[in-house]
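Engineer: return atomic coordinates for the entry below.
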Amino acid sequence: MAVRDAQHAVPPSHRLPLLRFFRIESVYEQEGDAHRAAAVSAISMAFGLMALVASVIMRAALGIDWGPVLINGAVGVGFLVMVAAARRGRLRFAGMGFVLLALFFPMAQAAWFDLTPLETAAVAFAVPIFASSFLLGARWGFGTAFVASLLTAGAIYVERIGSTAALSEALRSFDAASPVLVIVEAVFLLHVVGVLSWLVSTSVISWAAQAERQAAQLEAAVVVSETAATAPSLRDLLNDVVERIRQVYGFYHAQVFLLDEEGRMARLEASTGRAGEALLARGHALAVGSQSIIGMCTASGQPVVVNDVRTSSIHRPNELLPDTRAELALPLRVGEQVIGAIDVQSTYAHAFQPADVRSLSVMAAQLAAAIDKARLVDELQARAAENQQLFDESQAALRQLDELNRRLTREGWGEYLRSRRQEVLGFSLHGEQIVEDERWTPTMLAAYQSEGGPVVRRDGDRYVAALPLRLRGEVIGVLELGREGPRGWTRAELELAQTLVDRLTTAIENARLYERARQATERERVVNQIGQDVQAARSIDEVLQSALAELSEVLGATHGVVQIRPGQQAARSAEPAPTTSLEA
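Structural biologist: This next block holds a predicted model:
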């Protein structure tokens, strides 16, 4: 039930049609202007309807002449026109029109139509006085009070004095009932109302501006947290934050400096506007502890405020920021370590108040934590990228190693079969007899070309399973098994057969390596024996004859010739060189 009520809840101004009628915030950019427009619209609507209703009553019930009735109705229409003006964004026109109508309406009722006492009209002037202070500006209340005083004094003069002679008589016989005293009291009270309206309006405007500024500061602080959570990189975070600070506080310029790894230089990392782009392009940096606002701030770890740069000895003028009149630097701290500073500048002297320093200090603390987090994220991302690169390189190396192993295995077995003068080495089992067999069945070919496991097929009335002999990723052969009858091969049987085939492959490879080692040992023995026989010869002829005989015997040669004849000797001499030949 609570969820349903929450989902269907609407703001109070949406539930009440009258309040919804005065919702005109969308016309104004500033919230304060929207509130003033709503107020003048509501009061003008009330006064306009009251004037129109009074006109009807004056004519229908009291029988008053058409002149006062029409003037009263025109005033009511004028108030309604102010409603329309306020709703269309013309707040100043609506405010001035409301003040003029509010001054005219009570005076017309009292002085021209004699419908209300002059004292009541004078009291009613408090409405336009306060309205002018709130709608047009605090000082407008004094002007409106002055105009109201003139109107009141003139009406009392016309109604109760009437001539200069009567005025002189009233001044000579000055008493409590004197019209002059009434004029003085009315003027004094109206100006008191003007002063009060000025005090109230300035206080309200100041409170509203302070509340709006605090709300903007809180919003900016929230934006720092949100930006820190969503910014893809440290540079994006800093750029978003400085731009947000400049917009919310209305500063002339904002920028962020970060210390280098040695902690000696504060380097500009983010800056607003074209001046910021130029400063970043030339790699702007200031030494920590230097005679500058940033240098002092990063060295001391404390805020540095210069509210008038023209009288400061630590402010460094910048030709790209000629309109700077005040500057504030706040340290960025992570624990006890200073990692940088925020620098903001204003075109107004004494722009940085203690409240601004406090709110910006909170934001600086949030930004420092966000920078530390972003740096950690960037470092982790860099490490992850480095690890990914190492992983990719290791995978590529493993693939190359695997390909090398497969090639060496393929070449090794090819060389082995060539040494046996065979292209295929195979055997078949028929009953209890094992015979050599070099034939390949279609099932064996499919298993040989397959990258997977066993290939199982039905061949007539038997089930055939072909299992590849895979050595270091290279298929060197196939084992085929057949079973007569209707029962096929089960998964367990195939897994057992694959295990045995893997062991068979290892045993075959070991046997090949053993044969190669044995052959190598035999070759080494033969080479040593030939070397010994040759070294035992007593002459060159015996050496040549012994070498020719031993090599021919080992290699199975039926014919052999060895001759010694250097090229230059052959060119100078026609005599035949020593020759040894062997004929089987």
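Engineer: ranges for the strands of the stretch 301-450 of the chain?
Structural biologist: 304-306, 326-334, 337-346, 427-430, 433-436 (DSSP state E, counting those that start in this stretch).
Engineer: would you turn these into a markdown table with mean pLDDT?
Structural biologist: Shown next, in a markdown table, are these (pLDDT from 0 to 100):
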| stretch | mean pLDDT |
| --- | --- |
| strand 304-306 | 93 |
| strand 326-334 | 93 |
| strand 337-346 | 93 |
| strand 427-430 | 80 |
| strand 433-436 | 81 |
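Engineer: nearest to residue 140, of the ones you listed?
Structural biologist: Judged by Cβ to Cβ, the one of those that comes nearest to residue 140 is strand 337-346, at 28.6 Å. C-beta: built from backbone N, CA, C; applies to glycine.
Engineer: rewinding a little: dump the strands of the stretch 301-450 of the chain to CSV, plus distance to residue 543.
Structural biologist: CSV is the format used below for the strands of the stretch 301-450 of the chain (distance: least, Cβ to Cβ, whole Å):
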stretch, distance to residue 543
strand 304-306, 99
strand 326-334, 86
strand 337-346, 85
strand 427-430, 47
strand 433-436, 45
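Engineer: CSV for those strands, including mean neighbour count?
Structural biologist: CSV is the format used below for these (neighbours: other Cβ atoms under 10 Å):
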stretch, mean neighbour count
strand 304-306, 21
strand 326-334, 23
strand 337-346, 23
strand 427-430, 10
strand 433-436, 9
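Engineer: of the ones you listed, which is nearest residue 502?
Structural biologist: strand 427-430 (19.0 Å).
Engineer: relative to the closest one, what are the paired strands and their orientations?
Structural biologist: strand 433-436 (antiparallel) (DSSP bridges).
Engineer: residues in contact with the partner strand?
Structural biologist: Contact with strand 433-436 is made by 426-428, as judged by Cβ atoms under 8 Å, 6 or more residues apart in numbering.
Engineer: then stretch 98-106?
Structural biologist: Stretch 98-106 has contacts (Cβ under 8 Å, 6+ apart) with 40, 43-44, 47, 51, 75, 78-79, 82, 116, 120-121, 124-125, 127-128, 131-132, 135-136, 140, 144, 147-148, 151.
Engineer: now the buried members of the residues you listed.
Structural biologist: With neighbours counted using 16 or more other Cβ atoms under 10 Å, the contacts of stretch 98-106 contain these buried positions: 40, 43-44, 47, 51, 75, 78-79, 82, 121, 124-125, 127-128, 131-132, 135-136, 140, 144, 147-148, 151.
Engineer: average pLDDT for the helix or strand containing residue 534, rounded please.
Structural biologist: Using DSSP states H and E, residue 534 sits within helix 491-536. What helix 491-536 shows for mean pLDDT is 86.
Engineer: now do the contacts for residue 419.
Structural biologist: If a contact means Cβ under 8 Å, 6+ apart, then residue 419 has residue 519 as its contacts.
Engineer: quickly note the distance from it to residue 528.
Structural biologist: Relative to residue 528, residue 419 is positioned 21 Å away (criterion: Cβ to Cβ, to the nearest Å).
Engineer: now do the SS call for the closest residue to residue 245 other than its chain neighbours.
Structural biologist: Nearest residue to residue 245, sequence neighbours excluded (Cβ to Cβ, 6 or more residues apart in numbering): residue 254, at 4.6 Å. Following DSSP: H, G, I helix; E, B strand; the rest coil, the label given to residue 254 is strand.
Engineer: residue 254 is in contact with residue 272, isn't it?
Structural biologist: Yes. Between residue 254 and residue 272 there is a contact at 5.2 Å, judged by Cβ atoms under 8 Å.
Engineer: the more surrounded of those two?
Structural biologist: residue 254 (25 against 21; other Cβ atoms under 10 Å).
Engineer: for the stretch 101-250 of the chain, give me the ranges with low pLDDT.
Structural biologist: For the stretch 101-250 of the chain, applying pLDDT under 70 flags the ranges 108-121, 158-182, 216-217, 220-221, 223-224, 228-229.
Engineer: distance check, the spatially most central residue of the chain against residue 257.
Structural biologist: By Cα atoms, centre = their mean, the chain has its centre lying nearest to residue 231, at 2.2 Å. Note on residue 231: its distance to residue 257, by Cβ to Cβ, is 18 Å.
Engineer: and what of residue 56?
Structural biologist: In terms of Cβ to Cβ, residue 56 sits 72 Å off from residue 257.
Engineer: quick one: which of the two has more around it?
Structural biologist: Using other Cβ under 10 Å, the more surrounded residue of residue 56 and residue 257 is residue 257, with 27 against 12.
Engineer: who are the contact partners of the more buried one?
Structural biologist: Here residue 257 is in contact with 266-269, 285-286, 294, 298, 340-341, 343 (Cβ under 8 Å, 6+ apart).
Engineer: again, but for residue 283
Structural biologist: Counting by Cβ under 8 Å, 6+ apart, residue 283 touches 267-268.
Engineer: torsion angles phi and psi at it?
Structural biologist: Backbone geometry at residue 283, expressed as degrees, to the nearest 10, gives phi 70, psi 50.
Engineer: just the one 3 residues further on next, same as before
Structural biologist: Here the main-chain torsion angles of residue 286 (degrees, to the nearest 10) amount to phi -130, psi 140.
Engineer: looks like it contacts residue 296 (just checking).
Structural biologist: No. Assessed by Cβ under 8 Å, residue 286 is found out of contact with residue 296, at 9.9 Å.
Engineer: I'd guessed residue 297 sits against residue 344; true?
Structural biologist: No. Using Cβ under 8 Å, residue 297 is not in contact with residue 344, being 11.7 Å away.
Engineer: correct me, but residue 441 touches residue 457?
Structural biologist: No. With contact defined as Cβ under 8 Å, residue 441 does not reach residue 457; the gap is 9.4 Å.
Engineer: mind listing the shared neighbours of the two?
Structural biologist: Listed contacts common to residue 441 and residue 457 are 464, 466; contacts here mean Cβ under 8 Å, 6+ apart.
Engineer: coming back round to it: which of residue 286 and residue 296 has more neighbours?
Structural biologist: residue 286 (22 against 19).
Engineer: mind checking pLDDT for that one?
Structural biologist: 93.
Engineer: please name the residues that touch residue 546.
Structural biologist: Residues in contact with residue 546 (Cβ under 8 Å, 6+ apart) are 533-534, 536-537.
Engineer: ok, and the closest non-adjacent residue to residue 37?
Structural biologist: Using Cβ to Cβ, 6+ apart, the closest residue to residue 37 is residue 86 (4.5 Å).
Engineer: tell me which element the one you found falls in.
Structural biologist: helix 66-87.
Engineer: tell me what that helix is packed against?
Structural biologist: Helix 66-87 sits against helix 31-60, helix 91-107, with contacts defined as 3 or more Cβ pairs under 8 Å, 6 or more residues apart in numbering; DSSP states H and E.
Engineer: give me the angle between that helix and helix 91-107.
Structural biologist: Counting by axes from the mean of the first three to the mean of the last three Cα atoms, to 10 degrees, helix 66-87 lies at 160 degrees to helix 91-107.
Engineer: buried sites along helix 66-87?
Structural biologist: Per 16+ other Cβ under 10 Å, helix 66-87 contains these buried residues: 68-69, 71-73, 75-76, 78-83, 85-87.
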